[in-house]
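Q: Return a 3D structure for these sequence lines:
(one chain, ligands or ions: 2)
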Amino acid sequence: MGLLSGKKGIIFGVANERSIAWAIAEALHREGAELAFTFAGEVLEKRVRPLAQGVGSKIIEPCDVTRDSDIENVFNKVRETFGGLDIVVHSIAFANRDELKGEYLNTSREGFRIAMDVSVYSLAAIVRHAAPLMEGRAGSIITLSYYGSEKVVPNYNVMGVAKAALEASVRYLAVDLGPKGIRVNTISPGPIKTLAASGIGGFREMLQHVAEKSPLKRNVTAEEVGKTALYLCSDLGSGVTGEVIYVDGGYNIVGM
Ligand code: NAD
Ligand code: 0WE
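A: Ligands and ions are numbered 1, 2, ... in the order given. Model prediction:
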């Protein structure tokens, strides 16, 4: 018997095999969860479909989270196929590339709107559709944040502001859904080389900096994030909600 036998989950945010969402999916699948997947656009469908099929997924649907109709369609599929839902993984962030360089001071109104819509509002929109399917099932919802929400990380800019809003959203959602027995948490990993990290100037130096300064003296892996997701999604995390759980080798606790 796996830790998640009989549980149904949906994973938002797999782009390829390096995605944090994929490492989480593998950890949840290994413990017996049945998973649905979404992909953002045709280009990514080619990558996501084979991965999802590899874990026997019956639901593989397009979902651009800026479109309410996409979100609605996905949850209709989940209702028809699963009948209910236990786990939601939200592993989505986006800002225009030119907002992730230079000064936060120069963030455009439209750049701000897009970052907040994709990276923050989408969590509430997804949770609003998921909650009725999770009723009476001790559901668990997780999202992904980053340390740039609380301390200034050069160039993270509007994404840092978005992650601060995401973490606050987690607390409000935890209070909204706590009475229904649904938990909402966020995992805050250290830097990991994924598609979202590729092409970010100085990312290698950031990995090196964390490996030098963190208590564990190394970087973390997506698999380690997967293991923490498993704890939060299983009965092992039954008393935990509204939290930011760091998987960063302890980097965030160090002052100097
Ligand atoms: P990734 O590129 O594999 O995942 C990001 C996902 O966001 C992609 O699957 C992409 O399709 C999706 N996405 C973007 N816009 C979307 C939209 N409009 N609709 C639906 N999906 C959309 O990269 P990742 O590093 O695995 O990122 C996953 C999460 O982890 C993000 O929230 C990111 O902020 C967070 N995170 C990443 C790191 C890191 O260093 N890689 C560290 C801490 C937190
Ligand atoms: O959350 C993230 C990255 C999110 C992200 C990445 C991209 C790259 C491609 C959001 N939008 C885009 N838009 C694109 O066009 N991380 C935690 C990884 C990350 O990104 C950084 C970091 C770290 C760490 C950007 C600047 C500084 C540090």
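Q: which bits of the stretch 51-200 of the chain sit near ligand 1?
A: Where the stretch 51-200 of the chain comes near ligand 1, counting by CB under 6 Å from any ligand atom, the residues are 63-66, 91-94, 118, 144, 146, 189, 191-192, 194-197. Where C-beta positions appear, they are placed from N, C-alpha and C, glycine not excepted.
Q: do that again at 8 Å, thanks
A: 63-66, 70, 90-94, 118-119, 122, 143-147, 159, 163, 187-197 (CB under 8 Å from any ligand atom).
Q: Narrow the residues you listed to just the buried residues.
A: 63, 65, 70, 90-94, 118-119, 122, 143-147, 159, 163, 187-192, 194, 196 (16 or more other CB atoms under 10 Å).
Q: Show only the entries of these found in helices.
A: Among these, the ones falling in helices (DSSP state H) are 70, 122, 159, 163.
Q: Next up, phi/psi of the nearest residue to the last one once chain neighbours are set aside, please.
A: The reference is to K163. The spatially closest residue to K163, leaving aside those adjacent along the chain, is S149, at 3.5 Å (CB to CB, 6 or more residues apart in numbering). Torsion angles at S149 (phi, psi; degrees, to the nearest 10) stand at phi -70, psi -30.
Q: residues contacting S149?
A: Shown in contact with S149 (CB atoms under 8 Å, 6 or more residues apart in numbering): 160, 163-164, 166-167, 188.
Q: measure it to L123 for me?
A: 14 Å (CB to CB, to the nearest Å).
Q: One more: G56?
A: 27 Å.
Q: Between these two, which is the more surrounded one?
A: Per other CB atoms under 10 Å, whichever of G56 and L123 has more neighbours is L123, with 23 against 9.
Q: Looking at strand pairing, list the partners for the nearest residue to V89 once chain neighbours are set aside.
A: Closest residue to V89 in three dimensions, ignoring its sequence neighbours and counting by CB to CB, 6+ apart: I11, at 4.7 Å. With DSSP bridges as the criterion, I11 is bridged to F37, V89.
Q: I11 and E34 touch, don't they?
A: No. Using CB atoms under 8 Å as the test, I11 is too far from E34 to be in contact (11.3 Å).
Q: Look at the two and report which has more neighbours.
A: Here I11 and E34 are compared on neighbour count by other CB under 10 Å; more neighbours surround I11, at 28 against 21.
Q: dump the residue contacts of that one.
A: Counted by CB under 8 Å, 6+ apart, I11 has contacts 21, 24-25, 28, 35-38, 89, 91.
Q: which residues touch the residue nearest to the spatial centre of the chain?
A: Nearest residue to the geometric centre of the chain (CA atoms, centre = their mean): S91, 2.3 Å. Counting by CB under 8 Å, 6+ apart, S91 makes contact with 11-14, 19-21, 24, 143-144.
Q: State the distance from it to T194.
A: Counting by CB to CB - S91 and T194 are separated by 10 Å.
Q: Now for these two: what residues contact both?
A: Joint contacts of S91 and T194 (CB under 8 Å, 6+ apart) are 19-20.
Q: who touches the closest residue to T194 other than its chain neighbours in this structure?
A: Closest residue in space to T194, ignoring its immediate chain neighbours: R18 at 4.9 Å, by CB to CB, 6+ apart. Contact criterion CB under 8 Å, 6+ apart gives 193-195, 222 as the residues in contact with R18.
Q: before we move on, what about V170?
A: Neighbours of V170 in contact, by CB under 8 Å, 6+ apart: 123, 143, 145, 184-186, 242-244.
Q: Tell me which other helices or strands the strand or helix carrying R79 touches.
A: According to DSSP states H and E, R79 maps onto helix 68-82. Contacts defined by 3 or more CB pairs under 8 Å, 6 or more residues apart in numbering; DSSP states H and E place helix 68-82 against strand 8-12, strand 34-39, strand 59-62, helix 122-134.
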